[in-house]
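> Just need the structure, nothing else, for what follows:
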Amino acid sequence: MFRLIGILLTVLFAIATAVVTWPQFFHLEQTFPITQIVASRAVLVLAFGAILVLALLLLLARPLRGFAASIALVALLGGGASAAILALRGVDTADALPEKTATSVRVLAWNTAGEAVSAGDIANTIVAQKADIVALPETTEAVGEEIALTLREAGHPMWVHHVQYRPEVTQGPDSWQTTVLISPSLGDYSVIPSSADGSSNTSSVPSAVVMPVSGDGPTVVAVHTVAPRQEEMADWTRDLRWVADQCPAGKNVILAGDFNATLDHMSGLGTDGGDLGACRDVASRSGSGGVGTWPTSVPVLLGAPIDHVMATTHWRATGSAVLPAGTGGSDHRALITQLERATP
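Numbering: from 1, shown residues only. The predicted structure is shown next:
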């Protein structure tokens with residue numbers, strides 16, 4: 001009887017291990033609570049490591065040796081698989097990019113949690129990182145304008161663009177706003193009407209689609225999807241599909257911001273070799289795709305990489321870095337990436 005129970009528990013553990021190791025195979029990557037469990041691959045590795053240690057200790061008890069050996073083997077395979085996926089996506093925690101060239105474009109994505117980070121700190125980060133495109137979910141228009149004034153005085157001018165849900169609410173939450181800053185060197189830009197009025201946008205927190213009016217710059221989408229809380233899973237899934245639709249094949253597009261999703265969650269939403277639509281994740285192609293950007297309360301390698309910069313094949317990834325949390329109160333770390341125009 002005990003042997004049958006041991007076999008049953010081992011089979012159930014093996015199934016659970018397979019699901020959390022590669023939920024895409026079972027089409028469960030966007031299903032509660034699997035979505036939340038797989039958000040941090042490093043935490044999964046630690047969990048499997050703890051189970052492995054416990055199983056090895058149980059080997060000391062003769063009646064449990066067969067059961068313990070089976071559990072140890074499954075835990076070893078599960079932890080090893082997640083560790084391998086982390087390694088493939090990259091765990092480089094260096095906060096420096098390659099030297100910027102005359103043709104490089106640097107893109108910064110940072111959910112600033114409203115006024116938790118001051119305009120001065122944001123401007124200093126932009127200048128220090130030599131950013132050309134900056135996506136700031138949860139940053140208000142007033143703060144964006146203050147950032148722009150500081151940048152102009154620092155000799156790093158940028159145009160401010162902004163989207164806000166329910167502007168008639170005077171004390172609405174900062175999460176109803178998203179601000180984008182773009183260097184004049186990329187041309188003149190304008191927020192498209194359907195993005196500004198919300199007729200085509202993410203659900204309860206706004207993204208901003210900013211298109212070039214002049215020049216040959218990319219369409220920029222400052223992304224902010226709703227968090228995958230249990231009661232908002234359907235909206236979160238729709239938001240990810242909407243973002244994927246903003247990146248069709250053949251178009252010059254850069255996505256940047258708080259996706260509230262890792263690459264695992266985006267499985268099935270890529271087209272033409274992309275990770276989300278035709279856009280490819282820059283961090284995972286330049287060595288830091290497994291480095292966590294949220295939350296700042298845990299070590300960087302234990303966090304979830306839910307902030308991204310993605311681009312179509314018009315761009316080639318040459319570097320990325322998750323910046324230290326710093327003194328600001330945001331629960332997100334900033335992600336800076338460097339792109340070069342791809343040769344035709």
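
> Mind giving me the packing neighbours of the longest helix belonging to the chain?
In terms of residue count, the longest helix belonging to the chain (DSSP state H) is helix 65-89. Under the contact criterion of 3 or more Cβ pairs under 8 Å, 6 or more residues apart in numbering; DSSP states H and E, helix 65-89 touches helix 2-21, helix 41-58. Where you see a C-beta, it was placed from the backbone N, CA and C, and this is true even at glycine.

> which other residues reach that helix?
3, 6, 9-10, 13-14, 17-18, 20-22, 41-42, 44-45, 47-49, 51-52, 55-56, 58-59, 61, 263, 283-284, 289-290, 305 (Cβ atoms under 8 Å, 6 or more residues apart in numbering).

> returning to that earlier point: the helices and strands packed on helix 65-89 into JSON lines, with extra columns for mean pLDDT?
Shown next, in JSON lines, are the helices and strands packed on helix 65-89 (pLDDT from 0 to 100):
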{"stretch": "helix 2-21", "mean pLDDT": "90"}
{"stretch": "helix 41-58", "mean pLDDT": "96"}
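
> Write the ChimeraX selection for whichever of the contacts of helix 65-89 are buried.
To isolate the buried members of the contacts of helix 65-89 in ChimeraX, using 16 or more other Cβ atoms under 10 Å:
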select :6,10,13,14,17,18,20,21,22,41,42,44,45,47,48,51,52,55,58,263,283,284,289,290,305
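
> which sections of this protein are below the confidence cut-off?
By pLDDT under 70, the low-scoring segments of the chain are 1-2, 327-328, 344.

> so where do the helices sit in it?
Counting by DSSP H, the helices of the chain are 2-21, 34-37, 41-58, 65-89, 119-129, 141-153, 193-196, 233-245.

> Looking at the ones you listed, which is nearest to residue 176?
Checking these against residue 176 by Cβ to Cβ gives helix 141-153 as the closest, at 11.1 Å.

> Does the closest one pack against any helices or strands, and if so which?
helix 119-129, strand 159-164, strand 177-182.

> Compare these and give me the one nearest residue 326.
helix 119-129 (6.9 Å).

> measure stretch 196-214 end to end?
20 Å (Cα to Cα, to the nearest Å).

> Check which residues of it are buried.
196, 201-210, 212.

> Which member of those residues is positioned nearest residue 112?
The shortest gap between residue 112 and any of the buried residues of stretch 196-214 belongs to residue 205, at 13.4 Å (Cβ to Cβ).

> Contact partners for the closest one?
137-138, 165, 175-176, 178, 224-226.

> before we move on, could you check phi and psi at it?
phi -130, psi 140 (degrees, to the nearest 10).

> separation between residue 42 and residue 144?
Taking Cβ to Cβ, to the nearest Å as the measure, residue 42 and residue 144 are separated by 34 Å.

> ok, back up a step: with distance to residue 170 as extra columns, can I get the helices of the chain in JSON lines?
Supplementary listing: the helices of the chain in JSON lines, determined by distance: least, Cβ to Cβ, whole Å:
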{"stretch": "helix 2-21", "distance to residue 170": "44"}
{"stretch": "helix 34-37", "distance to residue 170": "34"}
{"stretch": "helix 41-58", "distance to residue 170": "40"}
{"stretch": "helix 65-89", "distance to residue 170": "43"}
{"stretch": "helix 119-129", "distance to residue 170": "20"}
{"stretch": "helix 141-153", "distance to residue 170": "12"}
{"stretch": "helix 193-196", "distance to residue 170": "19"}
{"stretch": "helix 233-245", "distance to residue 170": "25"}
